[in-house]
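Q: I'll drop the sequence and a predicted model, then ask my questions.
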Amino acid sequence: MGDAGVVAPDTSDPLITTGAGEDDDLAQAVAVGTLDPDERDCWAKIGQPVSLARGEESVLAQVSRRTVIGVTATGMETVNAEGLFPTTTALLWVLPDSFTLPDVTQDLVAFWNYRALRLWHSRTVTVVARQSQLREPATRRHLVDAITASAFSTPMCVVNGLALGDDDLRAIAEELGFEVMQPGTWSERHSSQPEPLQRTAVINVPIADFWMGERHSGTSRDALAVVCRPRWNARIESPLAWRYPEAHQGLVSARITSEVITGPRTDSVAALYQQGSRWLSGGIRIFTRAMPTYRFNLGMPDPAEVLAASLAARGRRLPDIGQGQGDRRHPGLVRRPCPVPQARLPRPDYGAHAAAEPAHRESPRPDRGPDRPGSRHDHGRRRAARRHGAGAGQAADAP
Amino acid sequence: MHDRDTGITPTSVQMAVGPVHYAIALRPEDPAQLRTAVDLGCRWWGGISFPWLTLNSDGEVTGGTEQLCSVLDVAEVIDLTRLDARDPIPAGLRALGVQVTAGDLRPRWAMPA
């Protein structure tokens, strides 16, 4: 970690950690993260108090995300996600009070990966705890309040634990005040409603299938640019301020979206806009350096180039037609290039939009393939996948 | 606003920056590898979303965890199962099609303020 941590110090709010030694509790390490004594000293020098987790403190720290592992999600609000559901449901992973490491290894791995899959755009609750940590009244109250405030789904909470029996998990859920449901239809609210949701829970349900959608997490910023062929420039201030010198030359994932960046989701088409990029959540993603300002020189392929690149990715190529002959020899295949490839919705309401419309209509519409993520076909496919991939036989029912 | 003569069109561009995700390959029965995986996660931006790929003794990825690489847009796998980078890459990791590095080779990372 060097001389500083992942986030700026907050002198008023301690970070919760556990030791990094061989004798330290590995389950606690998975829950809150680890710092060795030297690192704790480094934190202290820059004004960030650090506390070792004791007892129930681990649960509350996970809820507030003031754990050493939790703060690594700083600046990771989910920018875009496709097909994820139910994203607000709380996940409570329970371990027995006494165990040997082999008893709970699968629990620790599963919880770590479930937490990795979570979106970070809301105060959702993702907690691993021993049974005894959930018996303290204040901890229970804080935990249930946090779940009630952030989970807008029915069931509201999933209580999992591979080393515990279903009866134990049911008892834990009921002691927390949740009505245990049979796994079945799921629903999730996406708007504010006056009546509170009933506190409901399911036990031992593998909900990872719901969270296996493509996403990009980070922090975003909009900018205006002028598009022209064959290339155009975009200058964007970094959405995040970086901590130098730690961030110097550091790698970041950058996703660029615009209505003019569109086409079939193949790497070859993405490369027409930016070399070395790939499609991700409706935009192109590159790995770049942490910089205060980003200057991109982006391509603006015409529809024929997009089509050729798309076909090339499938091992095919365009028929050998000369420049300007497309309309005559293959009127359905290559049309006169439009000023920019078909814009994706929503389009800006520019005054000259109507004038550009006929050209748009003539474009090959490469972005309307049946398997394009976000297309109607794709939504239907995802809904079907949810029904069949819900793990424990429950049906997904997105409102 | 589109200029038909020059082809110039104003547009809005959105850029999002986020952490680069690394997957950690480990043998779950080895406590030392589990600890190292936790340590790595705690020291990198976005480490909370670094998935763990569990390997069996044949070097195969178990539990379907390989799916996490595409879902989380993993750039590279850090393989904790090999002490020496010259040892062969486990077959299950080779099949993922992403770069695999042995344990201590850490790419540079960026950190938000």
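A: Cool, the structure landed.
Q: Now do the strands in chain B.
A: B:9-18, B:21-26, B:52-54, B:74-79, B:99-102 (DSSP state E).
Q: Would you mind telling me which of the ones you listed is nearest A:T200?
A: strand B:52-54 (30.1 Å; Cβ to Cβ). No exception for glycine: its C-beta is placed from N, CA and C like everyone else's.
Q: list the helices and strands that closest one packs on?
A: When contacts are defined as 3 or more Cβ pairs under 8 Å, 6 or more residues apart in numbering or on different chains; DSSP states H and E, strand B:52-54 packs onto helix A:101-117, strand B:21-26.
Q: Following element in sequence after the first one, please.
A: Downstream of helix A:101-117, the first helix or strand assigned by DSSP states H and E is strand A:126-130.
Q: Quick one: mean pLDDT for that next one?
A: The average pLDDT for strand A:126-130 rounds to 97.
Q: Check the offset of the helix or strand following that strand from the chain's centre.
A: Using DSSP H and E, the helix or strand that follows strand A:126-130 towards the C-terminus is helix A:137-150. Here helix A:137-150 is found 24 Å from its chain centre; the criterion is Cα atoms, centre = their mean, to the nearest Å.
Q: got the buried residues for helix A:137-150?
A: For helix A:137-150, burial by neighbour count (16 or more other Cβ atoms under 10 Å in any protein chain shown) applies to A:139-140, A:142-144, A:146-148, A:150.
Q: other SSEs contacting it?
A: Applying 3+ Cβ pairs under 8 Å, 6+ apart, one finds that helix A:137-150 contacts helix A:57-64, strand A:90-95.
Q: Can you tell me which of these is nearest to chain B?
A: helix A:57-64 (11.0 Å; Cβ to the nearest Cβ).
Q: Leaving out chain neighbours, which residue sits closest to A:G55?
A: The shortest distance from A:G55 to any non-neighbouring residue, by Cβ to Cβ, 6 or more residues apart in numbering or on different chains, is to A:Q133 (6.6 Å).
Q: ok now do that neighbour, which residues does it touch?
A: A:55-56, A:58-59, A:139 (Cβ atoms under 8 Å, 6 or more residues apart in numbering or on different chains).
Q: rerun at 10 Å
A: Applying Cβ atoms under 10 Å, 6 or more residues apart in numbering or on different chains to A:Q133 gives the contacts A:28, A:31, A:55-60, A:94-95, A:97, A:127, A:139-140, A:143.
Q: top of these by neighbour count?
A: Tallying neighbours with other Cβ atoms under 10 Å in any protein chain shown puts A:A31 at the head of these, with 30 neighbours.
Q: for that residue, helix, strand, or coil?
A: Under the three-state scheme (DSSP: H, G, I helix; E, B strand; the rest coil), A:A31 adopts helix.
Q: Test my guess that it contacts A:R130.
A: Yes. Using Cβ atoms under 10 Å, A:A31 is in contact with A:R130, at 9.4 Å.
Q: can you tell me which of the helices and strands packed on helix A:137-150 the model trusts least?
A: It's helix A:57-64: among those, that one has the lowest mean pLDDT, namely a mean of 93.
Q: what's the least confident helix or strand in chain A, going by average pLDDT?
A: Least confident helix or strand, chain A: helix A:353-362 with a mean of 30, by mean pLDDT, DSSP states H and E.
Q: Against chain A, how distant is the most centrally placed residue in chain B?
A: By Cα atoms, centre = their mean, chain B has its centre lying nearest to B:Y22, at 2.0 Å. Distance, B:Y22 to chain A, using Cβ to the nearest Cβ, to the nearest Å: 10 Å.
Q: and A:G161, how many neighbours?
A: 24.
Q: residue contacts, residue 66?
A: Assuming you mean chain A. Counting by Cβ under 10 Å, 6+ apart, A:R66 touches A:10, A:13-17, A:32, A:51, A:60.
Q: my question was about chain B
A: B:E66 touches B:23, B:25, B:51, B:53-54, B:60, B:74, B:77, B:92-93, B:95-96, counting by Cβ under 10 Å, 6+ apart.
Q: mind redoing it with 8 Å?
A: B:53, B:92, B:95-96 are the contacts of B:E66 under Cβ under 8 Å, 6+ apart.
Q: Include distance to A:W279 and pLDDT when you put these into a markdown table, please.
A: Listed next are those as a markdown table, based on distance: Cβ to Cβ, whole Å; pLDDT from 0 to 100:
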| residue | distance to A:W279 | pLDDT |
| --- | --- | --- |
| B:L53 | 23 | 98 |
| B:G92 | 26 | 96 |
| B:A95 | 22 | 94 |
| B:L96 | 18 | 95 |
